[in-house]
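Trainee: show me the folded form of this:
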Amino acid sequence: MEVRTRIAPSPTGYPHIGTIYQAMFDFVFAKKYSGKFILRIEDTDQNRLVTDAEKVIFDSFDWFGLTSDEDPNKGGEFAPYRQSERLEIYMKYAQELIEKGSAYYCFCTKERLDDLRIEQQQKKQPPMYDKKCFDLSPEEVDKKLSEKIANVIRLNVPKDEKITVMDAIAGIVTFDSAQIDDQVLIKSDGFPTYHLAVVVDDFLMKITHVFRGTEWLPSTPKHVLLYKFLGWEASIPKFAHLPLLLDPEGSGKLSKRKGHASVDYYRSEGFLPEAVLNYMANVVWNHPEGQEIFPLSEFEKAFELEPFKVAVKPQGARFDLKKLEWVNGEWIRQLSDEELTKRLQEFLVDHPSEGKIAHVVPLIKERIKKLSDFIPLTDFFWEEPEYEREVFERLQVTGYRQQLEKILEKFEKMEMPWKKEEFEKTFVEFGKENRLSNSQTFQLIRIAISGHPVTPPLFESIQILGEEKVVERFKKAIEYLTNDS
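Mentor: Numbering: from 1, shown residues only. Presented below is the predicted three-dimensional model:
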């Protein structure tokens, strides 16, 4: 049997990092067993569609390297892969369910449903449909349909039945049908809900394994019922409901409202896609050899299922941005200078000096955790620094302007090109003569040439700037401090 997994993002907004997290498991599992990874577009909520969201979804998957084998753009044996293009298929199976008595038309108005919900809340009952329309006679149903009264199609959940779900992470979970609502399967606009569409699509597309968030576990008995009612019990996929990604505080589900959930956040901050995938694997799974840094191919190799026993922690996992930055920094240091230069040039596409950064890369490689760190660390190479008196004052150097003047005199007497050993010897002695620590002396020089207390290695930075530029900046720093006083 060919392993087939799928992801079905909805273009009602831009991609959530949780979608990539789920897709990573789908992708890795399919590739481990030489199977197929399918990307479907779940666009049945027509009122909430965002115009360019589908394109952004594909761009995001491409960025992470989670390339699908079948999708709306590539096509495939089971096309179409966009749910809005499959409405006749869903209606066909909804009608089959009605004929079997496993589904029924519901003509209740929104007002009645709202009143029912309020009444149930007052009685502290779970909000569920009361099957009022299930008792309509065939003649009453036909009459209402002929009068074109707005309707939906609901699942007929049987009474007093235990529904068992086998889950690779949660284990065996049993649900009482009395706690399961008669779910809407076809909405009044003729579009299916997730529940019918996902079962029909998974069956017809021969999906064998389903990875999705643990929040979908309570809906799974509805899906199991649909497989049973449609005679597809033998084709129920194996489920693995993944633990939630929690916000950095661990207080709730990672939310777009907090800014870290959007895929675009990680791209714009300069995270490497390989590092983000590596980190997300780490938060819910332990590498058998204790490795923390590994590529997706290593995850694929080490991720064991025996049979479909997933070594994933069931608890929600806190998304620790600081730990992600550390992982990202480790990935950056594994890149060659040439590859890091290429990544930075792609990231800094609008940078005025993107073509000149190659010789700076070796200086900053050990100092950055994200590609975006490159900009504040190196902007003084391309732009004139802006000085702040407070930055000088934090050095606690008495008479720092006068000390800069003395350093400038030393610069003007030194033979060019300056040599590293002579430079360091000269200013170590200068510090001793002027009762400055080595740190204070070299920090004075660093701030004067860059405006920042943190830069790439000082002498190497001076070599890139050139002696004349360094002298020029010292004069500007002294001028600034003179005028600012």
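Trainee: list the helices and strands the biggest helix by length in the chain packs on?
Mentor: For the chain, the helix with the greatest residue count under DSSP state H is helix 467-484. The elements that helix 467-484 packs onto, with contact taken as 3 or more Cβ pairs under 8 Å, 6 or more residues apart in numbering; DSSP states H and E, are helix 389-393, helix 400-413, helix 438-450. No exception for glycine: its C-beta is placed from N, CA and C like everyone else's.
Trainee: return the alpha-carbon coordinates of the longest one using PDB.
Mentor: C-alpha atoms of helix 400-413 as PDB (Å, rounded to 0.1, in the frame of the first residue of the first chain):
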ATOM      1  CA  TYR A 400      36.200  60.800  26.800                       C
ATOM      2  CA  ARG A 401      36.200  63.600  24.200                       C
ATOM      3  CA  GLN A 402      39.700  64.500  25.100                       C
ATOM      4  CA  GLN A 403      40.700  60.800  25.100                       C
ATOM      5  CA  LEU A 404      39.300  60.600  21.500                       C
ATOM      6  CA  GLU A 405      41.400  63.500  20.500                       C
ATOM      7  CA  LYS A 406      44.500  61.800  21.900                       C
ATOM      8  CA  ILE A 407      43.700  58.600  20.100                       C
ATOM      9  CA  LEU A 408      43.200  60.600  16.900                       C
ATOM     10  CA  GLU A 409      46.700  62.000  17.300                       C
ATOM     11  CA  LYS A 410      48.100  58.400  17.600                       C
ATOM     12  CA  PHE A 411      46.200  57.500  14.400                       C
ATOM     13  CA  GLU A 412      47.800  60.300  12.500                       C
ATOM     14  CA  LYS A 413      51.300  59.400  13.600                       C
END
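Trainee: that one to helix 438-450, inter-axis angle?
Mentor: Between helix 400-413 and helix 438-450, the angle formed by their directions is 80 degrees, by axes from the mean of the first three to the mean of the last three Cα atoms, to 10 degrees.
Trainee: and the angle from helix 400-413 to helix 467-484?
Mentor: Here helix 400-413 runs at 160 degrees with respect to helix 467-484, directions being taken by the same axes, to 10 degrees.
Trainee: which is the next helix or strand following helix 400-413?
Mentor: Beyond helix 400-413 on the C-terminal side, the first helix or strand identified by DSSP states H and E is helix 420-433.
Trainee: quick one: work out the angle between that following helix and helix 438-450.
Mentor: Our comparison of helix 420-433 with helix 438-450, counting by the same axes, to 10 degrees, yields an angle of 120 degrees.
Trainee: distance from the chain centre to helix 420-433, please.
Mentor: 49 Å (Cα atoms, centre = their mean, to the nearest Å).
Trainee: and that helix, what's buried?
Mentor: Taking 16 or more other Cβ atoms under 10 Å as the basis for neighbour counts, the residues of helix 420-433 that come out buried are Phe423, Thr426, Phe427, Phe430, Gly431.
Trainee: and which of the residues you listed is nearest to Pro15?
Mentor: Within the buried residues of helix 420-433, distances to Pro15 taken as Cβ to Cβ reach their minimum at Phe423, with 50.3 Å.
Trainee: tell me the spacing between the nearest residue to that closest one once chain neighbours are set aside and Val428.
Mentor: Taking Cβ to Cβ, 6 or more residues apart in numbering, and ignoring the residues beside it in sequence, Phe423 has Phe459 as its nearest neighbour in space, at 5.9 Å. Spatial separation of Phe459 from Val428 under the definition Cβ to Cβ, to the nearest Å is 13 Å.
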